[in-house]
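[1] build me a model from this:
(one chain, ligands or ions: 2)
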Amino acid sequence: MSILNLLFPRRCVSCGKIGHYFCLNCSKNISLVKWRFCPACHRPSFNGATHARCLSPYSLDGLFIGAHYSGPVKKAIHLIKYRFVSDLVNELTSLLFSSPPAFLRNLDFLVPVPLHFQKERERGFNQSLLISLALSEMINLPVKNNLLKRVKATKPQFGLKVGERKSNIRRAFRCLNPEFIKNKKIGLVDDVATTLSTLKECGRELKIAQAESVWAIVLAHGN
Ligand SMILES: [Zn+2]
Ligand SMILES: [Zn+2]
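    Ligands and ions are numbered 1, 2, ... in the order given. Sure thing, here's the model as predicted:
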């Protein structure tokens with residue numbers, strides 16, 4: 001046990017019990033996503049792959065979600081983002097992605113959804129990068145943090161209507177170093193997704209840069 005753990009013992013995010021961020025009891029309240037759906041039409045699909053009829057040249061190829069954004073997962077993500085409890089990321093990621101699907105192992109690398117540099121400076125880290133790094137250790141995939149950049153400081157998506165979310169995020173991202181994107185199979189990583197507009201917009205940019213496929217990988221899905 002490290003000195004930090006002695007000084008600041010880990011407490012359950014839900015009930016406060018000392019030991020782990022998720023005690024045995026509260027981890028039973030984590031609601032993992034059981035049924036997979038197509039990111040384009042939101043109807044059930046095998047493994048979350050985009051239906052052949054829903055695919056377009058710039059769409060996501062599939063969507064993998066860990067859990068519903070509720071209970072201990074919601075509390076944990078809130079602690080990570082707003083209280084800077086960044087070491088909670090590893091425990092949360094390994095809990096939610098404990099049985100990673102086969103497609104993940106066929107990817108070339110992971111790309112975190114970037115924050116605008118001002119936001120990242122304020123927060124001190126990009127939570128999607130931390131999740132990517134935790135996932136990369138589990139499935140042994142490299143993380144590329146220099147391929148996608150957020151060029152627009154957007155309003156928070158939270159609280160906007162679906163149509164407003166789309167226009168808010170439109171053209172908010174640019175690909176850098178497209179030569180490293182061409183013909184690659186990419187896992188695009190984010191913490192929480194609701195309408196998927198941010199992921200779709202990132203996916204579109206990566207596809208314009210000729211990525212072979214883009215799967216969205218999300219810790220939690222809010223509704
Ligand atoms: Zn607990
Ligand atoms: Zn579909």
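[2] where in the protein is pLDDT low?
    Applying pLDDT under 70 to the chain picks out residues 1-7.
[3] helices along that one, start to end?
    For the chain, the helices defined by DSSP state H occupy 3-7, 24-27, 71-82, 88-96, 117-123, 127-139, 162-169, 197-208.
[4] buried set for the last one?
    For helix 197-208, the neighbour count (16 or more other C-beta atoms under 10 Å) marks 197-207 as buried. C-betas here are computed from N, CA, C, even on glycine.
[5] again with stretch 57-66
    Counting neighbours by 16+ other C-beta under 10 Å, stretch 57-66 gives 59-66 as buried.
[6] list the contacts of the most centrally placed residue in the chain.
    Centroid-nearest residue in the chain: Asp190, 1.9 Å away (criterion: C-alpha atoms, centre = their mean). The contact partners of Asp190, by C-beta atoms under 8 Å, 6 or more residues apart in numbering, come to 112-113, 128, 131, 198-199, 216-219.
[7] quick revisit: between the buried residues of stretch 57-66, which is closest to ligand 1?
    Lowest distance from ligand 1 to the buried residues of stretch 57-66 (C-beta to the ion) belongs to Gly66, with 18.7 Å.
[8] on that earlier part again, got the helices of the chain as a markdown table, with distance to Thr154 columns?
    Formatted as a markdown table, the helices of the chain follow (distance: least, C-beta to C-beta, whole Å):
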| stretch | distance to Thr154 |
| --- | --- |
| helix 3-7 | 34 |
| helix 24-27 | 33 |
| helix 71-82 | 16 |
| helix 88-96 | 23 |
| helix 117-123 | 9 |
| helix 127-139 | 15 |
| helix 162-169 | 5 |
| helix 197-208 | 9 |
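[9] for Trp35, find the nearest of the ones you listed.
    helix 88-96 (15.6 Å; C-beta to C-beta).
[10] what about the closest one, near ligand 1?
    No. Helix 88-96 does not reach ligand 1 (C-beta under 5 Å from the ion); its nearest approach is 12.6 Å.
[11] ok, residues contacting that helix?
    13, 20-22, 27, 30, 32, 66-67, 73, 76-77, 79-80, 127, 130-131, 134-135, 137-138, 219-220.
[12] around Tyr167, how many other residues sit close by?
    In this structure residue 167 is Ser, not Tyr. For Ser167, the count of nearby residues is 11 (other C-beta atoms under 10 Å).
[13] nope, Val151 is what I meant
    Applying other C-beta under 10 Å, I find that Val151 has 13 neighbouring residues.
[14] wait, it sits on Arg174?
    Yes. Taking C-beta atoms under 8 Å as the definition, Val151 is a contact partner of Arg174 at 5.0 Å.
[15] now do the contacts for Glu212.
    So Glu212 contacts 183-185 (C-beta under 8 Å, 6+ apart).
[16] if you look at those, which of them are in strands?
    Lys185 (DSSP state E).
[17] TSV for the contacts of Glu212, including neighbour count?
    Output for these, formatted as TSV (neighbours: other C-beta atoms under 10 Å):
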residue	neighbour count
Asn183	9
Lys184	19
Lys185	15
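[18] which of the contacts of Glu212 lies closest to Arg36?
    Nearest member of the contacts of Glu212 to Arg36, counting by C-beta to C-beta, is Lys185, at 18.4 Å.
[19] verify the contact between the closest one and Leu110 for me.
    No. With contact defined as C-beta under 8 Å, Lys185 does not reach Leu110; the gap is 10.7 Å.
[20] without its sequence neighbours, what residue ends up closest to Phe117?
    Distances taken as C-beta to C-beta, 6 or more residues apart in numbering put Arg150 closest to Phe117, at 7.8 Å, once the chain neighbours are dropped.
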